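Trainee: sequence and predicted structure below; questions after.
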Amino acid sequence: MDPRRSLVFALALPSHRESGPPSLPVEVRALQADFRLLVNLCLREAIATNVTSRGKLSRFARSRALELRVTGPIGVAASEIALGLAAGHRKRLRRGIVARVPYVRTPFVRLPRTCFHFDPDTGKLRLSLRRGEWSSVTLAVSDHHRRVLADPRHRLTQMHVGPRGAVAIYARTPEPEYAPTSLVALDTNERSLDGVRVTSEGPAFVRILFPELRAIQAIHFERRRFLAHKKANDRRVGRVLLGREGRRERHRIRSRLHVITRSIIEQLATERAALVLEDLTGLPQPRRRGIYRKGSGGPLRSRTFRRRLSHWPQGELHRQLTYKAQDRGVPILWMSPYRTSRTCPRCGELSEHRSRVGPRFECRACGWTLDRQLNAGVNLGLAALRSTAGLGGLRLDPDALSDDAVSPLYPTAQHRRAREERTGREGEDRRRPPETAMPPI
Ligand SMILES: [Zn+2]
């Protein structure tokens with residue numbers, strides 16, 4: 001399925017004859033109430049009968065929609081929302097989280113493509129209530145909205161109308177995947193992506209540094225610890241504050257990752273390069289299972305290390321790279337990370353255990369030595385060239401690489417320090433005007 005994106009619209013302000021905040025017409029509010037009821041009915045049905053198939057639940061939804069005098073496609077849209085909520089509920093139960101059956105409180109309506117018509121020029125959104133019966137809502141449309149909707153790669157698929165505005169959901173047709181002429185293999189690490197770039201002119205090391213992610217995580221960890229300590233006697237307030245702190249951290253990390261991944265993918269697309277990454281999906285999840293050394297029965301690393309590992313946003317990094325690559329037509333090759341950091345790329349010698357590799361990889365058989373993370377990237381590149389016939393023109397000879405020439409590729413993602421966070425004391429300094437700012441009289 002093509003990735004879905006969304007555009008948020010506010011309701012247009014009422015014309016000068018009316019007064020007060022913008023509001024929805026009565027019939028639209030009635031439709032929202034009916035839709036909410038439909039979602040809740042379908043949700044109960046899905047949980048009570050353990051239905052997970054779209055077909056079965058949509059039949060139920062159509063019959064209920066008929067009773068409520070709402071068009072069938074709207075009923076089907078309600079059943080799809082209910083299926084998603086029911087799946088989330090089952091997941092929580094499976095994980096042993098005590099959860100009540102969800103219940104939708106906010107009235108809203110999700111309209112499938114056949115049930116609305118939107119004119120971006122006037123902002124007029126017409127909604128089908130039932131057979132032959134329409135209502136309309138005016139939305140505030142900006143130039144950005146018009147630009148996005150005029151793009152031929154975008155097509156509207158759904159419209160979500162809530163109490164204060166609407167969200168247009170659209171699909172974007174991805175660019176067709178190109179035939180790569182070069183290759184960039186990257187090993188995913190905590191502070192960097194490291195590896196090689198192989199072009200027809202030969203291989204070179206590349207490294208994308210993002211030390212600011214660790215800095216952001218450290219700041220928020222300290223602050224969470226401070227808050228937990230300060231609010232130890234007030235768990236209700238403590239929970240709210242800690243939750244807010246965690247969300248803020250996630251948003252900052254995510255936004256940083258967007259800058260990094262966008263610049264990587266743009267660069268790859270202009271070079272017509274394929275991206276090689278390690279497929280980390282099969283690795284044990286540190287948060288759920290814990291990492292244990294084989295046979296020892298005890299935790300492998302320190303508590304601090306495990307915390308850092310479980311906060312490592314590699315899943316999000318790979319998710320962003322995947323969908324952005326798909327959008328720009330960049331081919332991604334997923335390689336197994338098995339033994340990549342302890343194999344010699346020159347002679348194939350396998351060193352014993354990863355923990356003995358250290359910061360530098362040293363081959364006992366042939367004397368090859370290289371930074372461990374770059375070494376893993378070289379191995380990923382070699383594995384990709386071995387397994388992909390389409391890259392036959394490219395060669396990766398480890399001896400052609402010179403160790404001291406690591407190019408910090410993708411300059412836009414470089415050297416961006418984490419922004420200073422607010423301390424809550426900025427105002428004090430600003431109120432006192434600096435003495436030099438006074439103009440001489
Ligand atoms: Zn070797």
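Mentor: Cool, the structure landed.

Trainee: mind showing which ranges of this protein have poor pLDDT?
Mentor: 1-2, 15-19, 282-302, 305-306, 308-310, 353-357, 390, 392, 402-441 (pLDDT under 70).

Trainee: near the ion, which residues of it?
Mentor: Within reach of the ion by CB under 5 Å from the ion, the chain has these residues: 344, 346-347, 349, 363, 365-366, 368. Glycine gets a C-beta too; all of them are placed from N, C-alpha and C.

Trainee: output those as JSON lines; include the columns neighbour count and secondary structure.
Mentor: Output for the residues of the chain next to the ion, formatted as JSON lines (neighbours: other CB atoms under 10 Å; DSSP: H, G, I helix; E, B strand; the rest coil):
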{"residue": "Cys344", "neighbour count": "23", "secondary structure": "coil"}
{"residue": "Arg346", "neighbour count": "17", "secondary structure": "coil"}
{"residue": "Cys347", "neighbour count": "13", "secondary structure": "coil"}
{"residue": "Glu349", "neighbour count": "14", "secondary structure": "coil"}
{"residue": "Cys363", "neighbour count": "20", "secondary structure": "coil"}
{"residue": "Ala365", "neighbour count": "12", "secondary structure": "coil"}
{"residue": "Cys366", "neighbour count": "12", "secondary structure": "coil"}
{"residue": "Trp368", "neighbour count": "18", "secondary structure": "coil"}
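
Trainee: can you put those residues in JSON lines and add distance to Ala273?
Mentor: Listed next are these as JSON lines, based on distance: CB to CB, whole Å:
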{"residue": "Cys344", "distance to Ala273": "25"}
{"residue": "Arg346", "distance to Ala273": "24"}
{"residue": "Cys347", "distance to Ala273": "27"}
{"residue": "Glu349", "distance to Ala273": "29"}
{"residue": "Cys363", "distance to Ala273": "28"}
{"residue": "Ala365", "distance to Ala273": "32"}
{"residue": "Cys366", "distance to Ala273": "29"}
{"residue": "Trp368", "distance to Ala273": "25"}
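
Trainee: who are the packing partners of the helix or strand where Lys324 lies?
Mentor: Element membership for Lys324 (DSSP states H and E) is helix 314-328. Contacts defined by 3 or more CB pairs under 8 Å, 6 or more residues apart in numbering; DSSP states H and E place helix 314-328 against strand 182-188, helix 235-271, strand 273-278, strand 332-335.

Trainee: which among these is found nearest to Leu111?
Mentor: Leu111 sits nearest to helix 235-271 of all the helices and strands packed on helix 314-328, at 29.3 Å, using CB to CB.

Trainee: the closest one: which residues count as buried?
Mentor: Residues of helix 235-271 classed as buried: 238, 241-242, 245, 249, 252-253, 256-257, 260-265, 267-269, 271 (neighbour count, 16 or more other CB atoms under 10 Å).
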